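In: give me a model of this one.
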Amino acid sequence: MRVAPTFDGLRSGPRHIHVHGHRGARGILPENTLDSFRFTFDIGIRIIEFDILATSDGTPVITHNPCLMPFSTRTEDGTWLEGNGPLIYESTYSELSKFDVGGLQPGTDYASRYPDQAFMTGLKIPRFDTLCELVNEPGYQDIWMNVEIKSDPRHPENTPPIPAFVEHILRVVFDKRVSKRIILQSFDWRILHECARQAPDIPRSYLSYAPKPYAPMAVNVYEGSPWMDGLSLAEQGNSIPALIAADGGRVWSPYHEDLNTEDLAAARKHNLVVNIWTVNESWDIDRMIDLSVDGIITDYPGRVQRRLLERGLTWLPPDNQGTDMGSAEKIAGGQT
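Out: Residues are numbered from 1 along each chain as shown. Sure, this is the predicted structure:
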């Protein structure tokens, strides 16, 4: 019987680096769906990273954007949404469950980014409690969940008030008894501070995206950032790892292009687990392996598995090797 590692078991070792399936296996199957998560487990990946929002009736659901995405959402009659769909926070789960999120709309930029993703029909936005029930099934009780709580300080109208939002999520965590197999992470560090107040024993992961020219998404780490909830980089010598450690964090999750050897050494000094997002290309995978990060978050978990095997490594710590190593042979085609 496989047993979930303790938190310290999520660190890398001389012969292994953990792989986190990003939204399940977004490059292969529809993202943030139960089918994608189950596939990821069945090829031997023991950690998944996914996104949570909450409905108007307080139900935590697994989906990424504050509104339903038009390029991946169909109505009951199979019609693609025109423009953004309803706001998750203004919808009940019953209303959201009428939509199909099993495929990408042909001809869209998003579909072109994931040409190998299977097109499926009848997939629904999962509730968080349903996924927790899945990871409590026999065979999946060693799974860890890296839960990104979606929140944007610039748009508080898109999510519940933070204390209630965190409470909705933690109610499921404790009701389903998965608190020993979960990391709570966010780009919005106000969320992490609320997690610390409500569940101080659950490890918190600080997502970061550093300033850069023409950044395609919101940068969240800079002096005076509303995402950082009053924390000051200057007070910690402009060191993100030092700042996270001083704030009681246990995990740092930077964008892979932002990581350098100096910051990684600082993270090691402060005993932080370092999980990198989102690493898909072979040369980036190799760089993360060379750096010996703790976890590689990827849309193509099979691609990372194979690269680790080619370099004489694995994605499983020593205690869990053996039963799952053969699962590498089951990795679906297209993950190259």
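In: poorly predicted segments of this structure, please.
Out: Along the chain, segments meeting pLDDT under 70 span 1, 321-336.
In: which strand is the longest one in it?
Out: strand 47-54 (DSSP state E).
In: quick one: residues in contact with that one.
Out: Contacts of strand 47-54 with the rest of the structure, by CB atoms under 8 Å, 6 or more residues apart in numbering, involve 10, 18-24, 32, 37, 40-41, 60-64, 66, 88-89, 128, 131, 143-150, 159-160, 165, 168-169, 277, 295, 297. From N, CA and C alone the C-beta is placed, and that goes for glycine too.
In: mind giving me the PyMOL command for buried ones among those?
Out: To isolate in PyMOL the members of the contacts of strand 47-54 that are buried, counting by 16 or more other CB atoms under 10 Å, one can use:
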select buried, resi 10+18+19+20+21+22+23+24+32+37+40+41+60+61+62+63+64+66+88+89+128+131+143+144+145+146+147+148+149+150+159+160+165+168+169+277+295+297
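In: that older thread, the longest strand of the chain: partners in the sheet, and parallel or antiparallel?
Out: strand 18-22 (parallel), strand 60-62 (antiparallel), strand 144-149 (parallel) (DSSP bridges).
In: part of a strand, is Ile202?
Out: No. Ile202 is assigned coil when assessed by DSSP: H, G, I helix; E, B strand; the rest coil, not a strand.
In: look up how far Gly237 lies from Glu262.
Out: 12 Å (CB to CB, to the nearest Å).
In: Asp42 now?
Out: Taken as CB to CB, the span from Asp42 to Gly237 is 45 Å.
In: if you count surrounding residues, which of those two has more?
Out: Asp42 (14 against 9; other CB atoms under 10 Å).
In: next up, phi/psi of the more buried one, please.
Out: Backbone torsions of Asp42, given as degrees, to the nearest 10, read phi -70, psi -10.
In: so which residue is dead centre in the chain?
Out: Glu49 (2.6 Å; CA atoms, centre = their mean).
In: which parts of this structure are strands?
Out: Using DSSP E, strands in the chain cover 18-22, 47-54, 60-62, 144-149, 182-186, 204-208, 251-254, 273-276, 295-298.
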